[in-house]
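Chemist: what shape does this take:
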Amino acid sequence: MSKTFEFSATEFLGKKALVTGGTKGMGQAVVNRLASGGATVLTTARSQPADLPNSVEFVQADIASPEGVERVIAAVKDRLGGIDILVHCVGGSTTPPGGALVLTDEDWLQALNWNLLAAVRLDRALIPLMLERKSGVILHFTSIQRKLPLYETTLAYAAAKAALANYSKGLSNEFSPRGIRINSLSPGFIQTEAADALIDRMAAATGSRESALRQLMDSLGGIPLGRPGFPEEVAELAAFLISDRAASVTGSEYVIDGGTIPTV
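Modeler: Predicted coordinates:
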């Protein structure tokens, strides 16, 4: 399921954007949203996508490694000739279930490389290009798991995302006075292709897709909205934070989770 929004086809005209992890799920929705708004977009992933909009450039790279980051940096300079917008969507968890004691050093390093250090390395290389223009926007995708860690399955991921949020705030304090806005976006349960695949696997055991979806939402503590979010909804929030409409928003984290995180 997806949603359609109306927006200006020239909102990002003339802007050059890099979106990591932009071939699936939320990253793909962000790529489509920026491209539809007139931006020139370069995206990256570990594997070649089946299809992308004709206007979108692609570089195949694993940015969990320094070598992959270098490949992306070279593509930004060669193909875009600069950068205005940097969106870090890439991330995820590959650690085994079983809690903290089953996680090895390699598990922790993989989680940190993928969910924190990839952004750190790209920011370090591309912020100087923004400083030359005295303007730019960076958006880091964190996760509500930074506040609600699932220790049984994704503790290393949650810890890395918490570090990313802290890093993002510090980075904004340093570079906002120099014209670069830096924010983070924290999604909850979003119904991506990966989430749909998980629901289908659970449905095979429960006998009902609706029951499987309810079970998954309950495992997160419930979603007051009554459903997961959609990638297009996340992309629309991302587009606002990137746009000039949010010109005074920096150093902030915006949560889009259907009300999952309990607050007072």
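Chemist: next up, the contacts around the closest residue to Gly221 other than its chain neighbours.
Modeler: Among residues not flanking Gly221 along the chain, Thr260 sits closest, at 6.3 Å (Cβ to Cβ, 6 or more residues apart in numbering). For every residue, glycine as well, the C-beta is placed using N, CA and C. Thr260 makes contact with Ile144, Leu148, Gly188, Phe189, Leu220, Gly221, Gly222, Ile223, Pro224, according to Cβ atoms under 8 Å, 6 or more residues apart in numbering.
Chemist: how about JSON lines for the residues you listed, with neighbour count, distance to Phe12 and pLDDT added?
Modeler: Formatted as JSON lines, the contacts of Thr260 follow (neighbours: other Cβ atoms under 10 Å; distance: Cβ to Cβ, whole Å; pLDDT from 0 to 100):
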{"residue": "Ile144", "neighbour count": "21", "distance to Phe12": "27", "pLDDT": "92"}
{"residue": "Leu148", "neighbour count": "15", "distance to Phe12": "33", "pLDDT": "87"}
{"residue": "Gly188", "neighbour count": "23", "distance to Phe12": "26", "pLDDT": "92"}
{"residue": "Phe189", "neighbour count": "19", "distance to Phe12": "28", "pLDDT": "90"}
{"residue": "Leu220", "neighbour count": "18", "distance to Phe12": "33", "pLDDT": "76"}
{"residue": "Gly221", "neighbour count": "13", "distance to Phe12": "36", "pLDDT": "80"}
{"residue": "Gly222", "neighbour count": "14", "distance to Phe12": "36", "pLDDT": "86"}
{"residue": "Ile223", "neighbour count": "19", "distance to Phe12": "31", "pLDDT": "91"}
{"residue": "Pro224", "neighbour count": "10", "distance to Phe12": "33", "pLDDT": "91"}
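Chemist: out of the residues you listed, give me the two with the largest separation.
Modeler: Checked with Cβ to Cβ, these reach their widest spread between Leu148 and Pro224, with 14.0 Å between them.
Chemist: per-residue pLDDT, Leu103?
Modeler: Predicted confidence (pLDDT) at Leu103: the value is 92.
Chemist: assess the claim that it and Thr154 are in contact.
Modeler: No: counting by Cβ atoms under 8 Å, Leu103 does not reach Thr154; the two are 10.3 Å apart.
Chemist: between these two, tell me which one has more neighbours.
Modeler: Of the pair Leu103 and Thr154, Thr154 is the one with more neighbours under other Cβ atoms under 10 Å, namely 20 against 16.
Chemist: next one: the more buried one from Gly98, what distance?
Modeler: For Thr154, the distance to Gly98 (Cβ to Cβ, to the nearest Å) stands at 12 Å.
Chemist: again, but for Gly179
Modeler: Counting by Cβ to Cβ - Gly179 and Gly98 are separated by 46 Å.
Chemist: with Leu80 instead?
Modeler: From Leu80 over to Gly98 the distance is 43 Å, taken as Cβ to Cβ.
Chemist: and Leu13, by the same measure?
Modeler: Relative to Gly98, and taking Cβ to Cβ, Leu13 is found at 50 Å.
Chemist: got a list of what Met202 touches?
Modeler: The neighbourhood of Met202, defined by Cβ under 8 Å, 6+ apart, consists of Ala212, Gln215, Leu216.
Chemist: check Gln215 too.
Modeler: Contacts of Gln215 by Cβ under 8 Å, 6+ apart are Met202, Thr206.
Chemist: so what sits against both of Leu103 and Thr154?
Modeler: Overlap between the contact sets of Leu103 and Thr154, as judged by Cβ under 8 Å, 6+ apart, is given by Thr95.
Chemist: and the strands in the stretch 151-264 of the chain, which stretches?
Modeler: In the stretch 151-264 of the chain, strands defined by DSSP state E, counting those that start in this stretch lie at 180-187, 253-256, listed in chain order.
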